[in-house]
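A.B. asks: Whatever this is, show me its structure:
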Amino acid sequence: MLALPGRTPILGATVELIGTAYTTETDSAGAFALRDLPAGPYVLQIRAVGFAAGAWRIRVTGGQVLRGEFELQRADVELPAIVTTGNKPEFGRRFAEFERRRIRRIGYFLTKNDIDKMNASTLMDVLATVRGVTLDCSGGVCVARMARSVDCKPQYFIDGQESTTYFAQNTPPHDILGLEIYRGASETPGEFIGSNSACGVIVIWTKSSP
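C.D. replies: As a prediction, the model looks like this:
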């Protein structure tokens, strides 16, 4: 069961086991179930609009039925103060569009808060947690690929502009304010249809304006 502090059920929260294909949503009673799990340790992540994402470590043993109650804390979105000159875009406007797309729940989104919790040293460490994205480290340097094909490389955008793979993948995680991951053409919004977006798109929003 998923609830607010005070046991108010949360409807429509996304529940997934990080690094696996197991995912579901909570019903009107805040309940969910993940069935037929192989034995082993997992990280259960729960996300809902308007709440800080939560993660719990669980361990499944053969034939065991796990029951539990999980609580999410409300998260008010605070836009950073921005000083602008001339026609320089405001991140507040860009972040509003990021939130609009995130609420539609098409694609996979990570906020700065999500990324900071990972304490990741590279963008590849962050993308390794995203279902549908795999890392290819066969060449000595890890690169992201979409899981549907080993040769399917995503198109990168940084602050709304197409970017090269090398430049994008070397963006420090502490500079990232938000990530949008679209794992195929059917998920990708029109504003991110680029020269090589058929395999999917990874959009990086940074502390610096375009």
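
A.B. asks: Please write out the alpha-carbon positions of the longest helix seen in the chain in PDB.
C.D. replies: As assigned by DSSP state H, the longest helix anywhere in the chain is helix 91-104. Extracted in PDB, the C-alpha atoms of helix 91-104 (Å, rounded to 0.1, in the frame of the first residue of the first chain):
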ATOM      1  CA  PHE A  91      15.200  28.300 -16.800                       C
ATOM      2  CA  GLY A  92      11.900  28.800 -15.000                       C
ATOM      3  CA  ARG A  93      10.100  28.800 -18.300                       C
ATOM      4  CA  ARG A  94      12.000  25.700 -19.500                       C
ATOM      5  CA  PHE A  95      11.400  23.900 -16.200                       C
ATOM      6  CA  ALA A  96       7.700  24.500 -16.500                       C
ATOM      7  CA  GLU A  97       7.700  22.800 -19.900                       C
ATOM      8  CA  PHE A  98       9.800  19.900 -18.400                       C
ATOM      9  CA  GLU A  99       7.100  19.600 -15.700                       C
ATOM     10  CA  ARG A 100       4.300  19.700 -18.300                       C
ATOM     11  CA  ARG A 101       5.800  16.800 -20.200                       C
ATOM     12  CA  ARG A 102       6.600  14.900 -17.000                       C
ATOM     13  CA  ILE A 103       2.900  15.100 -15.900                       C
ATOM     14  CA  ARG A 104       1.900  13.500 -19.200                       C
END
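
A.B. asks: So which other helices or strands are in contact with it?
C.D. replies: Under the contact definition 3 or more Cβ pairs under 8 Å, 6 or more residues apart in numbering; DSSP states H and E, helix 91-104 sits against strand 108-111, strand 176-182, strand 201-206. Every residue, glycine included, has its C-beta placed from N, CA and C.

A.B. asks: list the contacts for the spatially closest residue to Ile181 that is not a sequence neighbour?
C.D. replies: Of all residues not flanking Ile181 in the chain, Tyr108 sits nearest, at 4.2 Å (Cβ to Cβ, 6 or more residues apart in numbering). For Tyr108, the contact set (Cβ atoms under 8 Å, 6 or more residues apart in numbering) comprises 130-132, 180-183.
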